[in-house]
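J.: Need a 3D model of the following:
(one chain, ligands or ions: 1)
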Amino acid sequence: MTDTHDALWFDPSLCLIGGKWVAAKGGETLPLVNPSDGGALAVIARGQQPDIDAAVAAAHVARAGDWGRMTALERGRVLTRIGTAVLERIGQLATLEALDVGKPLSQARADVIALARYMEFYGGAADKLHGQTIPYLDGYTVYTLREPHGVTGHIVPWNYPMQIIGRSVGAALAMGNACVLKPAEEACLTALAFAHICTDAGLPPGALNVVPGLGAEAGAALSEHSGVHHISFTGSVRTGALIQQAAGRNVVPVTLELGGKSPQLVFEDADIDAALPYLVNAGIQNAGQTCSASSRILVQRPIYEKIRGRMAEAYSALTVGPALDDQQVGPLISQRQKDIVNGFIAKGQDLKLVAQGQFVGATDTGAYVLPTLFADVPPDHVLARDEIFGPVQVIIPFDTEEEAIRIANSTDYGLVASIWTQNGARQMRLAKALQAGQIFINNYGAGGGVELPFGGVGKSGHGREKGFEALYGFSQLKTVAAYHG
Ligand code: NAD
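T.: Residues are numbered from 1 along each chain as shown. Alright, predicted model coming up:
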């Protein structure tokens, strides 16, 4: 079993239900694999329908009890304490995430900081979302109340467990919902660690319940549960569609964040030196397993050769190795994901493969794939249309602004887009014309800001998380009309 470097200070084989750490009722467990070397990492609970039933019931009890009675100010204080406690465990959390996800250690540390920041942000925001009074007919006083949905379900993927838990569970708790979290079966150590931190920081029993397990079992049971009032999901389009159908049967709202094929548009007047690190990093961060990865680089023809050459240079210098060695690129999450990504790379055999990175300390038993850059890629090629979810980028030439917009908007997705140009009017035109939930001008990702509302259009999903906007999604509005004559 992989040495977990004392990072695992708790028993990972249990579920958190109603404030108690318990084994799955079926008594079964699932293995976690270290993607850096293929070794066994830990065992987690294989939660199923009865465990989800118990977790949803515990969340209802919490809503009717201590948690439901807390004021917004008190909720905010608990969340802020959790944020502080997360930072106190930064070393352990980063190590767990690196071992579990295969994420280079410094990227895992950045995720811990983001998780803490979500708790601080939503802790501060908990008492800031107010209702309104509405001028109405003579003799009436009308006002609105912002209320929690009640019990919220959170189905989380393996690529950024801490960040995604922070943004969805953080906002849901701030509004007073009680949460049932189903982390991914491939990586869920930091979800469990976070739950320990929450209970230690004084989050009342049942406000957060965590049931690890398989998607088709625990995940499906949660999304189909009639006691759940809102579902937040991040993951694949296929699973997102299943979850929306299940939620539809119970007529409850869903927030879906389903990935993308996000472009960066580089015009001939761009500051190439400023753009270059973003062009490459946005594609290879977390080994490309990022919903907002930039997998398409659209370059105007007068600077095309130059960008292609500079990106090829950067790719050739990329190092790929074990997460704890903190190379630029770690392994993918699993052998399965490695096979999927290698399958895509094989589909590019008719394309110009311009550069790949190099392995440093990577072994055959790890799930490593070389970062791969293709150039001169036709916009309708499968590598330019499908989400690969690996460290693979395509460069596509264009001539005019209109052509760039057409290519950028030509996939089924619309999560993020960036525009590199010094021309202010063009920046404004493109910010409107590009179909995406977030637009970046002369940067990519803006440092990931927890303050910035995030979500997609088209098959990238719907609903917004992050920022203050998420608080609207995790609450519902009640209108009160009082007639007093
Ligand atoms: P997935 O969507 O199947 O899994 C994500 C989460 O959903 C996990 O917690 C999983 O247990 C759960 N789940 C799976 N089936 C479920 C069901 N029937 N009902 C309820 N929950 C269910 O994704 P995956 O299989 O881990 O990865 C496949 C592809 O999805 C990737 O190659 C990538 O393209 C995409 N993906 C996108 C994101 C993102 O951030 N948008 C994250 C992970 C994966």
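
J.: Trp21 and Gln337: what is the separation?
T.: Remark: distance between Trp21 and Gln337 (CB to CB, to the nearest Å) = 30 Å. Where C-beta positions appear, they are placed from N, C-alpha and C, glycine not excepted.

J.: more crowded one of these two?
T.: Neighbours were counted for Trp21 and for Gln337 using other CB atoms under 10 Å; Gln337 has more, 22 against 17.

J.: what kind of secondary structure is that one in?
T.: Under DSSP: H, G, I helix; E, B strand; the rest coil, the three-state class of Gln337 is helix.

J.: shouldn't it be in contact with Ile388?
T.: No. At 10.2 Å, Gln337 does not count as touching Ile388 under the criterion of CB atoms under 8 Å.

J.: And the helix or strand hosting Asp51, what does it pack against?
T.: Here Asp51, judged by DSSP states H and E, is contained in helix 49-64. Applying 3 or more CB pairs under 8 Å, 6 or more residues apart in numbering; DSSP states H and E, we find helix 49-64 packed against strand 15-17, strand 151-155, strand 178-182, strand 208-210, helix 220-224.

J.: which is the next helix or strand following that helix?
T.: helix 66-69.

J.: Give me the contacts around stretch 296-304.
T.: Outside of stretch 296-304, the residues within contact range by CB atoms under 8 Å, 6 or more residues apart in numbering are 261-268, 270, 272, 279, 283, 307-308, 311, 384, 393-399, 404, 407-408.

J.: Let's see which of those residues end up in helices.
T.: Ile272, Leu279, Gly283, Ile307, Arg308, Met311, Ala384, Ala404, Ile407, Ala408 (DSSP state H).

J.: Serialize those to CSV and add fields for distance to Ala362 and pLDDT.
T.: Listed next are those as CSV, based on distance: CB to CB, whole Å; pLDDT from 0 to 100:
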residue, distance to Ala362, pLDDT
Ile272, 31, 98
Leu279, 24, 98
Gly283, 19, 98
Ile307, 28, 98
Arg308, 26, 98
Met311, 22, 98
Ala384, 27, 98
Ala404, 36, 98
Ile407, 34, 98
Ala408, 34, 98
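
J.: ok, those residues vs Ser232, which is closest?
T.: Using CB to CB, Gly283 is the member of these that sits closest to Ser232, with 26.6 Å.

J.: if we can go back for a sec, could I get the helices and strands packed on helix 49-64 as a markdown table with mean pLDDT and mean neighbour count?
T.: Listed next are these as a markdown table, based on pLDDT from 0 to 100; neighbours: other CB atoms under 10 Å:
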| stretch | mean pLDDT | mean neighbour count |
| --- | --- | --- |
| strand 15-17 | 98 | 26 |
| strand 151-155 | 98 | 28 |
| strand 178-182 | 99 | 30 |
| strand 208-210 | 99 | 28 |
| helix 220-224 | 98 | 24 |
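
J.: Quickly check: stretch 101-120 near the ligand or not.
T.: No. Counting by CB under 6 Å from any ligand atom, no contacts exist between stretch 101-120 and the ligand, the nearest distance being 10.9 Å.
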